[in-house]
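[1] the following comprises the amino acid sequence and a computationally predicted model.
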Amino acid sequence: MCLSANPVRISNRGLTVHVLSNGSQFERSVRPYARREDKHMMTPVTPVQILHGDAGNSPPCHFIHGISAVIFSTAVTGNGFHEFSEMVIPLFLTCRHFRSQLKFVTTDRNASWIQKYSRILNRLSDYEALNLDDGSVHCFPGAVVGLRYHNILALNTSDVPAGNSMREFRQFLRESYDVKIKNVHEMEKLQKPVLILISRNHTRKFLNEDAVVELAQELGFEVVRAGPTLGSNLELWAKMVGSGNVLVGVHGAGLSNEIFLPDGAVVFQVVPLGLDWPSTFFFGIPATAMDLHYLEYKIEPKESSLSEVYGPDDPVIVDPASIFAKGYVAGRAVYIDGQNVKINLDRFKDTLEEAMRLVRHSKT
């Protein structure tokens, strides 16, 4: 991330930033994406060249703006978890203090991503995001290149910029998507609690999903299946999850929608074989910071489809760490891309009943 309080001229489709200064001339390169330490995520992000020098060595302005620019890449898209954790929350952290007086300049421009998150972008800025693909030069009184990142789905009030909290961010989302319910206390006490089940079509899907739904209904939940048909319509996701009591899903990006749940609601994560660490750090720890209750159901080896493929004594089953030791790609192929779950309903019932107890306690 690079900040400039000096005037800047942005050219070359947003990939060159000329910083006007009277000092010595030098240059640096910045990839404008929040996860700078993750080489894999940074690969598709095109570097922005930042050139310091006098105006005589800079291109003339075609357009002059009176507010600062924020430059970020939209190259890493298609996964809701990464989009929220590494783009949307960092945008909020970086831009909130501008009070909507800024202009976004996107590199590696992805028009569908900009449309998907238009409500959020429109609340952070009073101006439409600039498209510099026409080769024009835009001049600003200052600029931010890249975004501030705190942690996985996290805002830390003690980190720079200070003062931003997860509570403030979640309220910002409610206002962006016109979600009325802030706390589960505001829900009708006589209605059945709503359990939203994330239904997956491919990897890490429930092989006995209908039976899981039936069990939840028997325990008194109104079950809503949220599947791929919702696509990237964040307004539908926000309003559906924002009126739910429990969000249930196998570990995956769909659980990032926990960020829309009302305070006091329950996140219920099914943890597949070999995925304990990401389950805890991607969704478990963030859930508690969101004022949510967190439950998890760790499957047994026989509940994983991998048991039928490899057998009960294979290292894939008894020693997942040895598979991940071969590299992330090897581990991902087995546990993330190659695994489904068939829930033991007798075991699962206990955690569902705990979710119901938490719901009833939250509504009293």
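    Received it, and whenever you're ready, just let me know what you need.

[2] helix, strand or coil for Ile10?
    strand (DSSP: H, G, I helix; E, B strand; the rest coil).

[3] report how many residues lie close to it.
    28 (other CB atoms under 10 Å). To be clear about C-beta, it is placed using only N, CA and C from the backbone, and glycine gets the same treatment.

[4] mind listing what it touches?
    Going by CB atoms under 8 Å, 6 or more residues apart in numbering, Ile10 touches 16-18, 69, 71, 105, 132, 137-140, 143.

[5] can you check Gly23 too?
    Taking CB under 8 Å, 6+ apart as the test, what Gly23 contacts is His52.

[6] dump the residue contacts of Leu197.
    209, 212-213, 216, 223-226, 248-249.

[7] buried among those residues? Make that a PyMOL selection.
    Selecting only the buried entries of the contacts of Leu197 in PyMOL, with 16 or more other CB atoms under 10 Å as the criterion:
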select buried, resi 209+212+213+216+223+226+248+249
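
[8] any idea which residue sits dead centre in the protein?
    Compute the mean C-alpha point of the chain, and by CA atoms, centre = their mean the closest residue is Phe84, 2.2 Å away.

[9] and the longest helix along the chain, C-alpha only, in CSV?
    Longest helix of the chain, by residue count under DSSP state H: helix 345-362. What follows is helix 345-362, C-alpha atoms only, in CSV (Å, rounded to 0.1, in the frame of the first residue of the first chain):
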residue,chain,number,x,y,z
LEU,A,345,-27.9,-37.9,11.7
ASP,A,346,-27.8,-39.2,15.3
ARG,A,347,-24.6,-37.2,16.0
PHE,A,348,-25.7,-34.2,14.0
LYS,A,349,-28.9,-34.0,16.0
ASP,A,350,-27.1,-33.0,19.2
THR,A,351,-25.5,-30.0,17.5
LEU,A,352,-28.7,-29.0,15.9
GLU,A,353,-30.4,-29.1,19.3
GLU,A,354,-27.7,-26.9,20.7
ALA,A,355,-28.3,-24.4,17.9
MET,A,356,-32.0,-24.4,18.8
ARG,A,357,-31.2,-23.8,22.5
LEU,A,358,-29.0,-20.8,21.6
VAL,A,359,-31.7,-19.4,19.3
ARG,A,360,-34.4,-19.7,22.1
HIS,A,361,-32.0,-18.1,24.6
SER,A,362,-31.2,-15.3,22.2
